[in-house]
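**Student:** Give me the fold of what follows.
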Amino acid sequence: MSLPFRYQPSRGFFASHFCDTSKGTCRIGRRHWLLALAGVVAAWPSPGRAQPRPAATIGVLVIGAPGWDRFWRVFRESMRDIGYVEGQSVRYEFRSDEGQSSRLPELAQELVRLKVDVIVTWYTPPAQAAKRATGDIPIVMALAGNPVETGLVASLDHPGGNVTGMAGAAAELSRKTVELTRELLPSAHRFVALANAADPFSKPFVEYIREGGVATRTVIDAKMIRDATELEASFDQMAKDRPDAIIVQPSLPRRKVAELAMIHRIPAVSVIHGFVEEGGLMTYAPAEVEIYRRAAAIVDKILKGAKPSELPVEQPTKFELLINMRTAKALGLTIPPPLLVRADVVLD
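**Tutor:** Numbering: from 1, shown residues only. Here you go, the predicted model:
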């Protein structure tokens with residue numbers, strides 16, 4: 001069987017292969033029709049055929065404080081566990097202020113210019129820098145102080161805007177830290193809250209510790225550190241004032257603080273894991289691995305279409321008590337046995 005039809009120039013496959021241009025007609029046999037249809041079907045995209053998705057680009061912004069490497073390692077491992085393959089389905093743009101918080105606005109703007117799909121931040125200052133840089137790109141806090149009081153979100157349940165993620169249980173954590181320090185040092189009656197003035201969370205940090213002081217009848221003095229160069233002078237003054245202990249805000253240079261506390265023989269505690277590893281005496285802190293894994297899960301939800309404004313800010317549910325026995329011995333302290341029994345980690 002053959003089918004005649006009128007030739008029209010420049011009509012692609014049929015015209016170029018089966019038409020007689022001198023007569024202005026085309027005669028196409030059954031075999032030609034089958035071959036042509038097979039070519040069309042093969043070229044037509046199949047509805048069931050998976051189309052490759054472009055790799056998601058995740059911007060990461062951290063402060064250069066000890067512990068950022070643990071966050072970075074756990075977060076990437078968690079993304080791999082979810083199914084993201086680095087270099088294929090995801091790529092990262094990592095930025096650190098390297099201890100210079102004044103660089104955060106510039107680094108945040110750089111990530112915005114790169115048009116990343118999500119910005120993940122570690123600690124409050126990077127989260128605030130990212131929020132100031134963009135109101136469109138989703139921002140996931142891997143860990144931040146009270147994001148309501150620092151203006152990052154409207155509320156934990158309904159964050160609104162483009163920011164969500166993980167928040168520290170700031171008030172409860174600070175009060176519990178004061179209680180545990182009193183248990184560690186039964187005769188103590190005066191603590192110093194050593195705060196990082198450059199961190200927007202410093203004000204709530206001091207307020208929560210003072211609430212813990214009221215509950216335990218402990219005097220809390222606040223000392224604001226505006227620059228790392230002020231630490232030595234601050235410790236020289238504390239060596240004269242002789243507080244019973246200091247509670248250290250995590251965003252301060254923890255290793256330096258732990259070293260100075262040891263030199264001046266002042267017990268120092270904090271609310272983040274790394275402080276004990278750096279030589280601090282005690283830490284009561286959220287389980288970091290759980291927090292960073294949850295942050296990765298939130299990023300996954302956003303990459304799959306969820307809106308940050310509709311994802312409640314989560315809080316840690318697991319906390320750990322860590323004690324550095326080497327530091328305790330160096331300070332001549334005896335840790336009460338009940339406290340040792342309750343400790344999740346004891347560094348000997």
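
**Student:** Going by C-alpha atoms from here, please, whenever you check contacts or count neighbours.
**Tutor:** Fine.

**Student:** got any ranges where the stretch 101-250 of the chain has weak pLDDT?
**Tutor:** Within the stretch 101-250 of the chain, the segments meeting pLDDT under 70 span 170-171.

**Student:** Who are the contact partners of the closest residue to residue 163 other than its chain neighbours?
**Tutor:** Leaving aside its sequence neighbours, residue 163 sits nearest to residue 139 (Cα to Cα, 6 or more residues apart in numbering; 4.7 Å). Residues in contact with residue 139 (Cα atoms under 8 Å, 6 or more residues apart in numbering) are 118-121, 127, 130-131, 162-165, 308.

**Student:** In terms of secondary structure, what does the helix or strand hosting residue 232 contact?
**Tutor:** Here residue 232 sits within helix 231-241, counting by DSSP states H and E. Other helices and strands packing on helix 231-241, by 3 or more Cα pairs under 8 Å, 6 or more residues apart in numbering; DSSP states H and E, are helix 254-263.

**Student:** Contacts made by the helix it packs on with the rest, please.
**Tutor:** By Cα under 8 Å, 6+ apart, helix 254-263 touches 65-66, 231-232, 235, 248, 267-268, 274-275, 278-280, 327, 331.

**Student:** following that helix, which helix or strand comes up?
**Tutor:** In N-to-C order, the element after helix 254-263 by DSSP H and E is strand 268-270.

**Student:** Please pick the buried ones from the contacts of helix 254-263.
**Tutor:** Neighbour counting by 16 or more other Cα atoms under 10 Å classes 65-66, 231, 235, 248, 267-268, 274-275, 278-280, 327, 331 among the contacts of helix 254-263 as buried.

**Student:** Among these, show me the least confident.
**Tutor:** Of all the buried ones among the contacts of helix 254-263, residue 66 carries the smallest pLDDT score, 77.

**Student:** In this structure that one contacts residue 272, no?
**Tutor:** No - counting by Cα atoms under 8 Å, residue 66 stays clear of residue 272, with 10.2 Å between them.

**Student:** What lies in contact with stretch 156-169?
**Tutor:** Contacts of stretch 156-169 (Cα under 8 Å, 6+ apart): 131, 135-148, 152-154, 286, 291, 294-295, 298, 307-316.

**Student:** Please confirm that residue 143 is located within a strand.
**Tutor:** Yes - counting by DSSP: H, G, I helix; E, B strand; the rest coil, residue 143 is found in a strand.

**Student:** can you count the residues close to it?
**Tutor:** By the measure other Cα atoms under 10 Å, the count of residues near residue 143 is 25.

**Student:** ok so, going back, residue 113: which of the contacts of helix 254-263 is nearest?
**Tutor:** residue 65 (25.2 Å; Cα to Cα).

**Student:** Could you list which residues are in contact with the nearest residue to residue 326 once chain neighbours are set aside?
**Tutor:** Closest residue to residue 326 apart from its sequence neighbours, by Cα to Cα, 6+ apart: residue 348 at 5.7 Å. Residue 348 makes contacts with 324-326, as judged by Cα under 8 Å, 6+ apart.

**Student:** now the most centrally placed residue in the chain: how far from residue 212?
**Tutor:** The residue lying closest to the centre of the chain (Cα atoms, centre = their mean) is residue 142, at 2.1 Å. Distance, residue 142 to residue 212, using Cα to Cα, to the nearest Å: 26 Å.

**Student:** you'd agree residue 321 is in a strand?
**Tutor:** Yes - Residue 321 sits within a strand when classified using three-state DSSP.

**Student:** beta partners of it?
**Tutor:** Beta bridges link residue 321 to residue 284 when assigned by DSSP bridges.

**Student:** Now for it: which residues touch it?
**Tutor:** Applying Cα under 8 Å, 6+ apart, the residues near residue 321 are 282-285, 342-345.

**Student:** do that again at 6 Å, thanks
**Tutor:** 283-284, 343-344 (Cα atoms under 6 Å, 6 or more residues apart in numbering).

**Student:** which residues of the stretch 201-348 of the chain fall in helices?
**Tutor:** 202-216, 231-241, 254-263, 273-277, 288-303, 325-330, 337-342 (DSSP state H, counting those that start in this stretch).

**Student:** Could you list the alpha-carbon positions for the fifth one in PDB?
**Tutor:** Put plainly, it is helix 288-303. This file holds the C-alpha atoms of helix 288-303, laid out as PDB (Å, rounded to 0.1, in the frame of the first residue of the first chain):
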ATOM      1  CA  GLU A 288      25.300  17.400  68.900                       C
ATOM      2  CA  VAL A 289      25.100  14.500  66.500                       C
ATOM      3  CA  GLU A 290      21.300  14.300  66.900                       C
ATOM      4  CA  ILE A 291      21.000  18.100  66.200                       C
ATOM      5  CA  TYR A 292      23.100  18.000  63.100                       C
ATOM      6  CA  ARG A 293      21.300  15.000  61.700                       C
ATOM      7  CA  ARG A 294      18.000  16.700  62.200                       C
ATOM      8  CA  ALA A 295      19.300  19.800  60.400                       C
ATOM      9  CA  ALA A 296      20.200  17.600  57.400                       C
ATOM     10  CA  ALA A 297      16.700  16.100  57.500                       C
ATOM     11  CA  ILE A 298      15.200  19.600  57.400                       C
ATOM     12  CA  VAL A 299      17.400  20.600  54.400                       C
ATOM     13  CA  ASP A 300      16.100  17.500  52.700                       C
ATOM     14  CA  LYS A 301      12.500  18.500  53.200                       C
ATOM     15  CA  ILE A 302      13.200  21.900  51.800                       C
ATOM     16  CA  LEU A 303      15.000  20.600  48.700                       C
END
